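K.L.:
Sequence first, predicted coordinates after that:
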Protein chains: 2
Amino acid sequence: MLNAHGQDVHQCDSGWVPVYVDQEKSISLMSIGFLLERPDDAIVWRGPKKNAMIKQFVGDVAWGDLDFLIVDTPPGTSDEHITTMDALRPFNPMGAVVVTTPQAVSIGDVRRELTFCKKMGLPVVGIVENMSGFVCPHCTECTNVFSKGGGEELARHAGVPFLGCVPLDPLLTQSLEQGKDFIKEFPKSAAYSSITSIAQQILDGVTQGS
Amino acid sequence: MLNAHGQDVHQCDSGWVPVYVDQEKSISLMSIGFLLERPDDAIVWRGPKKNAMIKQFVGDVAWGDLDFLIVDTPPGTSDEHITTMDALRPFNPMGAVVVTTPQAVSIGDVRRELTFCKKMGLPVVGIVENMSGFVCPHCTECTNVFSKGGGEELARHAGVPFLGCVPLDPLLTQSLEQGKDFIKEFPKSAAYSSITSIAQQILDGVTQGS
């Protein structure tokens, strides 16, 4: 998605050097994908090895000064999530941005994710509803592929902010596929305004110190 | 999806009694969801506890005579997958039905899943491409929400059967949401013919002993 596949991670005195996606080094990345010999290699690891790697990604990477460290986790409430929380706790993380689709099965998973955050003492920055309707490029009618409004209802029920909906947008998926800069290329697309609004709300929360 | 939420699991002499979704007991289910006190409870378990539960689901449930045992796993190649393989190996499993979306990120995950199956000695029954295009109910034009043909290309590349594409179909998601019988209710929908064709190919594979 960030056009960084095939890049290598190097060592420096202060640890692993992350992969930079642009000349200005505005975004630095670390992923186990950079450590594989071949992209098809399966990481057949049980919890303890994954946990050790997560701790290394937090502690042994020469991140330098960061405005934000974003950890993209799989769904669930297991090793990855417990260990990430344990490793980041000393840095007082801002919180979790919880992403759901409008489907009942996804909402159910995310409800349990919210319970996990509460148990762990991790604030919830807000909930995002992804895959929220599809605007047909042929007739411009919007169809709810899945049911509607589940994310917003969940946020109300859980008493956390609802940050917005991201529609299924072929322009967005096409950009991600080709590693293009969606924000620069498609400022008029359906997903653009929702994504920038969500990002702005998160930034506003930071400046308000919440 | 099977309209079975809120049901309880009971004990009998030969183990846990699975939950039946119909009078004829044609489908029996076991899920950790049935063991939770509240549906919002998070299972904050590291690998070893999950592994013990998976082994119990295979060995301590009074499954009776089954035509098929279907295990729905999350994506990945970690504890859940290793333990499921270890627990099922004595029963000589037919193989894995591997599901991807057409997106490059999903295809990448599934390539690693195929490597995992190979390492584990698990045959691959075939690959299914899900979320494969969206037929607008307003204008009937088909749009590829994600890129196209990734699943079929992956199958060719990996030398395993391609079982078919399932389109994004609001009638299907609506049925799953409401626990309705999609096959009975929407025999003319876009997803119906693809799902039945995929099921038939899997059954044909069984009768051919592959």
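P.N.:
Great, that's in hand.
K.L.:
dump the residue contacts of the residue in chain A that chain B sits nearest to.
P.N.:
Using C-beta to the nearest C-beta, A:Gly47 is the residue of chain A that sits closest to chain B, at 3.3 Å. Glycine gets a C-beta too; all of them are placed from N, C-alpha and C. A:Gly47 is in contact with A:Ser78, A:Asp79, B:Arg46, B:Gly47, B:Pro48, B:Ser78, B:Asp79, counting by C-beta atoms under 8 Å, 6 or more residues apart in numbering or on different chains.
K.L.:
mind running it again at 10 Å?
P.N.:
Contact analysis of A:Gly47 by C-beta atoms under 10 Å, 6 or more residues apart in numbering or on different chains lists A:78-80, A:82-83, B:45-51, B:78-79.
K.L.:
Shouldn't A:Glu177 be within a helix?
P.N.:
Yes. Under DSSP: H, G, I helix; E, B strand; the rest coil, A:Glu177 falls within a helix.
K.L.:
neighbours of it, just the number please.
P.N.:
A:Glu177 sits with 16 neighbouring residues when counted by other C-beta atoms under 10 Å in any protein chain shown.
K.L.:
same deal with A:Met94?
P.N.:
Around A:Met94 there are 17 residues (other C-beta under 10 Å).
K.L.:
Please name the nearest non-neighbouring residue to A:Val125.
P.N.:
Leaving aside its chain neighbours, A:Val125 sits nearest to A:Gly95 (4.2 Å; criterion: C-beta to C-beta, 6 or more residues apart in numbering or on different chains).
K.L.:
which parts of stretch A:191-210 are buried?
P.N.:
A:Ala191, A:Tyr192, A:Ser194, A:Ile195, A:Ile198, A:Gln201, A:Ile202, A:Gly205 (16 or more other C-beta atoms under 10 Å in any protein chain shown).
K.L.:
Can you add secondary structure and distance to chain B and give those residues back as TSV?
P.N.:
Converted to TSV, the buried residues of stretch A:191-210 look like this (DSSP: H, G, I helix; E, B strand; the rest coil; distance: C-beta to the nearest C-beta, whole Å):
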residue	secondary structure	distance to chain B
A:Ala191	helix	12
A:Tyr192	helix	17
A:Ser194	helix	16
A:Ile195	helix	16
A:Ile198	helix	20
A:Gln201	helix	25
A:Ile202	helix	23
A:Gly205	helix	24
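K.L.:
residues in contact with the closest residue to A:Leu114 other than its chain neighbours?
P.N.:
Of all residues not flanking A:Leu114 in the chain, A:Ala158 sits nearest, at 5.2 Å (C-beta to C-beta, 6+ apart). By C-beta under 10 Å, 6+ apart, the contact set of A:Ala158 is A:Val98, A:Val110, A:Arg111, A:Leu114, A:Thr115, A:Cys117, A:Lys118, A:Val124, A:Ile127, B:Asp40.
K.L.:
Can you tell me which of those residues is closest to A:Gly150?
P.N.:
When the contacts of A:Ala158 are ranked by distance to A:Gly150 (C-beta to C-beta), A:Val110 comes first, at 9.0 Å.
K.L.:
Can you flag the buried ones in the contacts of A:Ala158?
P.N.:
Among those, those scoring as buried are A:Val98, A:Val110, A:Arg111, A:Leu114, A:Thr115, A:Cys117, A:Val124, A:Ile127 (criterion: 16+ other C-beta under 10 Å).
K.L.:
thinking again about what came up before, what's the ChimeraX line that selects buried ones from the contacts of A:Gly47?
P.N.:
With 16+ other C-beta under 10 Å as the burial test, the buried ones among the contacts of A:Gly47 are selected in ChimeraX as follows:
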select /A:78,79,80,82,83 /B:45,46,47,50,51,78,79
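K.L.:
of all the contacts of A:Gly47, which two lie farthest apart?
P.N.:
A:Thr83 and B:Asn51 (16.7 Å).
K.L.:
hmm, back to that, please convert the contacts of A:Gly47 to JSON lines, extending it with pLDDT and distance to A:Pro187.
P.N.:
As requested, these are arranged in JSON lines below (pLDDT from 0 to 100; distance: C-beta to C-beta, whole Å):
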{"residue": "A:Ser78", "pLDDT": "93", "distance to A:Pro187": "39"}
{"residue": "A:Asp79", "pLDDT": "95", "distance to A:Pro187": "40"}
{"residue": "A:Glu80", "pLDDT": "94", "distance to A:Pro187": "34"}
{"residue": "A:Ile82", "pLDDT": "97", "distance to A:Pro187": "40"}
{"residue": "A:Thr83", "pLDDT": "97", "distance to A:Pro187": "38"}
{"residue": "B:Trp45", "pLDDT": "95", "distance to A:Pro187": "44"}
{"residue": "B:Arg46", "pLDDT": "96", "distance to A:Pro187": "44"}
{"residue": "B:Gly47", "pLDDT": "95", "distance to A:Pro187": "44"}
{"residue": "B:Pro48", "pLDDT": "96", "distance to A:Pro187": "49"}
{"residue": "B:Lys49", "pLDDT": "96", "distance to A:Pro187": "48"}
{"residue": "B:Lys50", "pLDDT": "95", "distance to A:Pro187": "44"}
{"residue": "B:Asn51", "pLDDT": "96", "distance to A:Pro187": "48"}
{"residue": "B:Ser78", "pLDDT": "93", "distance to A:Pro187": "39"}
{"residue": "B:Asp79", "pLDDT": "95", "distance to A:Pro187": "43"}
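K.L.:
Great, nothing more from me.
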